[in-house]
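Asks: okay, here's the prediction I keep looking at, along with the sequence it came from:
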Amino acid sequence: MNICWIALFQGSVLTELRLNPTLPTQSYVFTGPLPHEFCPEYCEIIVPTELLEQSQQTQRLFNLVMACIAGLSLLVGGIGIMNIMLASVTERTRQIGIRRAIGATPGDILIFFLLESLLISLIGGLIGIGVGVGLSQVVTWFAGWKVIISPESILLSFGVSSLVGIFFGLYPAWRAAKMDPIQALRHE
């Protein structure tokens, strides 16, 4: 059953009239002009379908804002991983030279640093999922909203975390793999 609200603002007093049509199609009957004594010019008629459309538009905007925030967070996290890995490659230059001198191929070095980057991103993803689940429980407790966390969303989070780690770890791993072993052994 649709309900049509008619709110009458008379000075500081709000008078509300609720009309309950028996058929959903009848709710549109009440959207037309009403007699002046029943509904003056400052009367507002709100139909539930309009409220639903507004709610859906607000939800789409909220989802877009959250996606932008998530994207920026992933970018910042990825840049952080790349900086950590570049510092790690620089600090371990001599170790890279020793590994290359005893027979490690550039591919071995590349895989080693990619796995390290992946591990860092997975730890970050695990912490992020834990914080997200914890915050959703707090929202459930304080606001009374029902929050559902699906296993698919957790797997997607781990997958995205892995991809961020691999993508932003590629350049440092490539730099380590292309390092000249002789120059690396001379590094102090």
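Replies: Perfect, I can see it now.
Asks: make it CA atoms for all contacts and neighbour counts henceforth
Replies: Noted.
Asks: now the longest helix seen in the chain, how far from the chain's geometric center?
Replies: Longest helix of the chain, by residue count under DSSP state H: helix 48-91. Relative to its chain's centre, helix 48-91 lies at 4 Å (C-alpha atoms, centre = their mean, to the nearest Å).
Asks: likewise stretch 119-135?
Replies: 13 Å.
Asks: coming back round to it: elements contacting the longest helix of the chain?
Replies: Judged by 3 or more C-alpha pairs under 8 Å, 6 or more residues apart in numbering; DSSP states H and E, helix 48-91 is in contact with helix 106-143, helix 151-177.
Asks: ok, now with 6 Å
Replies: Other helices and strands packing on helix 48-91, by 3 or more C-alpha pairs under 6 Å, 6 or more residues apart in numbering; DSSP states H and E, are helix 151-177.
Asks: list the buried residues of the following helix or strand past the helix it packs on.
Replies: Later in the chain than helix 151-177, the nearest helix or strand by DSSP states H and E is helix 181-186. Within helix 181-186, the residues that count as buried by 16 or more other C-alpha atoms under 10 Å are Pro181, Ala184, Leu185.
Asks: I'd assumed Gly97 was in contact with the last one.
Replies: Yes: here Leu185 reaches Gly97: they are 4.9 Å apart, a contact under C-alpha atoms under 6 Å.
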